[in-house]
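okay, sequence plus prediction incoming.
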Amino acid sequence: MAQISPLTDISHFLAKGCASGVEGISWAWLDAHGRTVDFRNAGGTRCTVTGGNRVQVRRVYAEPEADDGTRVLVDRIWPRGLTKAKAGLDEWCKQIAPSTELRIWYHHDPERFAEFGRRYRGELHAPERAQALAHLRELAAGGALTLLTATKQPEISEAAVLAELLQH
């Protein structure tokens, strides 16, 4: 996975016409290819600009939004305290989740994210996960795709690794 860094130059957004209220930018993330993972202005309005397939990562606890497209939970374990009705899912693709051993080793430690991504991409070659990844590719090719996770830091989750893979 490419290293994700904070956005400091908003010219990318101005060129795409997505920087209304530029003075109020709160944060945005770019991947190594300059594609925006997420962008919010001070009012909380989201503007997602991507190259290729439109794949975004969100917390499953966040309210569904009209531009989410197909919403897929990619965690192996169902999110604590969330009903299926409240989640607003189209699918739960638990087969794509990293192994229990890898999840335990990683423990959402930001310093381990790069190595986690490398190991997880290796796990995606296993037949069941490869089939699930192919299914997610089909969904992404058909329109907007939102990968959902329960983690508090979705930008360093398996969903972020998957989004990077699906956008290539």
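That came through, no problem. Numbers count the residues shown, from 1 in each chain.

state the next helix or strand along the chain beyond the helix or strand where Arg103 lies.
Element membership for Arg103 (DSSP states H and E) is helix 100-106. Tracing the chain C-terminally past helix 100-106 and defining elements by DSSP H and E, one meets helix 113-123 next.

hmm, who's touching the helix holding Arg103?
76, 97-98, 112-113, 116, 119-120, 123 (C-beta atoms under 8 Å, 6 or more residues apart in numbering). The way it works is simple: take the backbone N, C-alpha and C, and place the C-beta from them, glycine included.

domain boundaries for this protein, per the record?
Annotated domains of the chain cover 1-51, 54-166 [automatic domain parsing].

worst mean pLDDT among these?
The minimum mean pLDDT among the domains of the chain belongs to domain 1-51 (a mean of 40).

number of residues surrounding Glu101?
10 (other C-beta atoms under 10 Å).

picking up where we left off before, tell me which residues of the helix holding Arg103 are tucked away?
102-103, 106 (16 or more other C-beta atoms under 10 Å).

can you classify Phe72 by secondary structure?
Rather than Phe, residue 72 is Val. What DSSP: H, G, I helix; E, B strand; the rest coil gives for Val72 is strand.

show me what contacts it?
Counted by C-beta under 8 Å, 6+ apart, Val72 has contacts 89-93, 136, 139, 145-148.

no further queries at this time; thank you.
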